[in-house]
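Engineer: I need the structure of the sequence given here:
(one chain, ligands or ions: 2)
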Amino acid sequence: MSAAEGPLVVGVDSSTQSTKALVVDAATGRVVATGQAPHTVSSGAGRESDPRQWWDALCEALRQCGEAAHEAAAVSVGGQQHGLVTLDERGEPVRPALLWNDVRSAPQARRLTEELGGAKFWAERTGSVPAASFTVTKWAWLAEHEPEAARATKAVRLPHDYLTERLTGQGTTDRGDASGTGWWASGTEAYDEEILAHVGLDPALLPRVVRPGEVAGTVRDSHDLPFSKGTLVAPGTGDNAAAALGLGLRPGMPVMSLGTSGTVYAVSRRRPADPSGTVAGFADARGDWLPLACTLNCTLAVDRVATLLGLDREAVEPGTAVTLLPFLDGERTPNLPNASGLLHGLRHDTTPGQLLQAAYDGAVHSLLGALDLVLDQDADPSAPLLLIGGGARGAAWQQTVRRLSGRPVQVPEAKELVALGAAAQAAGVLTGEDPAAVARRWNTAAGPVLDAVERDEETLARIAGVLSDAAPLLERPTDTH
Ligand SMILES: Nc1ncnc2c1ncn2[C@@H]1O[C@H](COP(=O)(O)OP(=O)(O)O)[C@@H](O)[C@H]1O
Ligand SMILES: O=C(CO)[C@@H](O)[C@H](O)COP(=O)(O)O
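Structural biologist: Ligands and ions are numbered 1, 2, ... in the order given. You can find the predicted model right below:
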């Protein structure tokens, strides 16, 4: 491999299922080395992971990158959003982290919304109406169900904060990830003392919010990571905000990410405030905004249906009149935390491949329903939808999104856009450049564009009809929720 043209930087994606690390040439965007290591997530009623496993996975992913990581001048960590990490006085986890897809705090989400002025208050104050994913609802759940754990907590962190702090020794976060907590006011860009007081969380337990472009710290030498002491550490951010950097997004360019979560989002110059709660009004990692809608059931749910049917994930067949709402984990968009999967329209001649196609259709329908709300009036309706995340590699996902959206679909060749965005942020702290401009210089969004096809309105209307008719069933709790 030829020598790098510029300094090397490391971008990390610590997502739900695994940690990925890339060593990137900051001058060209060439990926010099990669590593990946898995995490485990609990099953049953909750979704939890041990933060120490994220650290071990980061060390392993970096170890796989070999010598190149040693030469890196800067590093940045993108991480799954919202997770509640509670640390004791020694910086050790008090208990496993409650993850974004843990719906046990749905009652707390409803209660907090009512107690503090309703959906409009929350949307205007924090940008978002809290669903069970938001950190504030998880803290309220912990205080109610495990008060000793809440009392033992001496620091509260998000997943990317936890890893950044283990690198630098300093408690920091950024505006992008802070905006998913529910205790960060988007109008003032500061922690909201009224909300924190209401849930009994001392602001002193929270990390400092570093500004875009500011250095969060330097790598300390008290561990065995393959970094040199003094390597710069960028602020990091939530994984969706990192992917927005990694694509070099300009306002109004729509993105759909297909991973453990499904997300649709765009960068906006306007601070979002959707009182319906469908759109979360996140901040991006630069100084703009990132209106976003998120589903809990995406690639894992569809892969589970394929496994149940004994099919390869690509073995879809057309012509289905079956509706499958794949809400295996409850759902956030639409807001149905108690829901489970629902099948309607099964006939003698329905094939397994048609059932599988119905699962893809159900998962994509939820995301497309939110896309128009995410995009503001200035967005170009004919702009290609950028398709990213692990699922974007799959032909069945690509064709389903194309048919149900009626839009051209662009599939970037670069695979790890969250890690690339983190790398671009790391490059930005070295050179002073805007990380999105760095990613555009690296041409990370380049990839084939699939032409638009006529939108399958019939399928969309059928799914919407079943969703509406089945509302009482979908709202009813089942045994494990
Ligand atoms: N070729 C593929 N076709 C369809 N789905 C895929 C393919 N490769 C990976 N996936 C899906 O991508 C998911 C992982 O995506 P990723 O974006 O890495 O997830 P996360 O960031 O949430 O951990 C897996 O659940 C897997 O089902
Ligand atoms: O909760 C959200 C966004 O609000 C999720 O998108 C998480 O950030 C998890 O992301 P992945 O692990 O699926 O990338």
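Engineer: what does the protein put close to ligand 2?
Structural biologist: 15-16, 80-82, 100, 133, 180, 238-240, 259-261, 263, 280, 294 (C-beta under 6 Å from any ligand atom). Yep, even glycine has a C-beta here, placed from its N, CA and C like the rest.
Engineer: how far off centre is stretch 297-308?
Structural biologist: What separates the centre of stretch 297-308 from the centre of its chain is 18 Å, taken as C-alpha atoms, centre = their mean, to the nearest Å.
Engineer: contacts only, for the spatially most distant residue from the centre of the chain.
Structural biologist: No residue in the chain sits farther from the centre than residue 348, which is 39.3 Å out by C-alpha atoms, centre = their mean. For residue 348, the contact set (C-beta atoms under 8 Å, 6 or more residues apart in numbering) is empty.
Engineer: off-centre distance for the helix or strand of the chain with the lowest mean pLDDT?
Structural biologist: Ranking every helix and strand in the chain by mean pLDDT, DSSP states H and E puts helix 67-70 at the bottom, with a mean of 91. Distance, stretch centre to chain centre, for helix 67-70: 28 Å (C-alpha atoms, centre = their mean).
Engineer: residues in contact with residue 411?
Structural biologist: 387, 392, 398, 447-448, 450.
Engineer: out of these, which is most surrounded?
Structural biologist: Counting by other C-beta atoms under 10 Å, residue 387 has the largest number of neighbours within these, with 25 neighbours.
Engineer: tell me the secondary structure at that one.
Structural biologist: strand (DSSP: H, G, I helix; E, B strand; the rest coil).
Engineer: residue 96 contacts residue 50, doesn't it?
Structural biologist: Yes: counting by C-beta atoms under 8 Å, residue 96 touches residue 50, with 5.0 Å between them.
Engineer: neighbour-wise, which of these two wins?
Structural biologist: More neighbours surround residue 96 than the other of residue 96 and residue 50, with 20 against 15 (other C-beta under 10 Å).
Engineer: tell me how far residue 112 lies from residue 196.
Structural biologist: Distance of residue 112 to residue 196, given as C-beta to C-beta, to the nearest Å: 12 Å.
Engineer: overlap of the contact sets of those two?
Structural biologist: Any residue near both residue 112 and residue 196 by C-beta under 8 Å, 6+ apart counts here, and not one turns up.
Engineer: what residue in the stretch 251-400 of the chain comes nearest to ligand 1?
Structural biologist: residue 390 (2.1 Å; C-beta to the nearest ligand atom).
Engineer: low-confidence ranges, the stretch 201-350 of the chain, go.
Structural biologist: The stretch 201-350 of the chain contains residues with pLDDT under 70 at 222-223.
Engineer: 90 instead?
Structural biologist: By pLDDT under 90, the low-scoring segments of the stretch 201-350 of the chain are 220-230, 319-320.
Engineer: would you map the strands across it?
Structural biologist: Assigned by DSSP state E, counting those that start in this stretch, the stretch 201-350 of the chain shows strands spanning 208-210, 217-218, 232-233, 237-238, 255-258, 262-265, 280-283, 289-295, 323-325, 342-344.
Engineer: what sits up against the second one?
Structural biologist: Contacts to strand 217-218, defined as C-beta under 8 Å, 6+ apart, come from residues 164, 167-170, 172, 229-233.
Engineer: pairing partners for it, with directions?
Structural biologist: Partner strands and pairing direction for strand 217-218 (DSSP bridges) are strand 232-233 (antiparallel).
Engineer: in stretch 30-39, which residues are buried?
Structural biologist: For stretch 30-39, a neighbour-count test (16 or more other C-beta atoms under 10 Å) marks 30-37, 39 as buried.
Engineer: now it: how far from the chain's centre is it?
Structural biologist: In terms of C-alpha atoms, centre = their mean, the centre of stretch 30-39 is found 19 Å from the chain centre.
Engineer: so what does the longest helix along the chain touch, helix or strand wise?
Structural biologist: For the chain, the longest helix by residue count, based on DSSP state H, is helix 352-374. Helix 352-374 sits against strand 262-265, strand 289-295, helix 299-309, strand 323-325, helix 395-405, helix 457-469, with contacts defined as 3 or more C-beta pairs under 8 Å, 6 or more residues apart in numbering; DSSP states H and E.
Engineer: the shortest one: how far from the chain's middle?
Structural biologist: A distance of 24 Å separates the C-alpha centroid of strand 323-325 from that of its chain, computed with C-alpha atoms, centre = their mean.
Engineer: do the second one as well
Structural biologist: Per C-alpha atoms, centre = their mean, the displacement of strand 289-295 from the mean C-alpha position of its chain is 9 Å.
Engineer: likewise the longest one?
Structural biologist: Helix 457-469 has its C-alpha centroid displaced from the chain centroid by 27 Å (C-alpha atoms, centre = their mean).
Engineer: tilt between it and helix 395-405?
Structural biologist: Angle of helix 457-469 versus helix 395-405, following axes from the mean of the first three to the mean of the last three C-alpha atoms, to 10 degrees, is 90 degrees.
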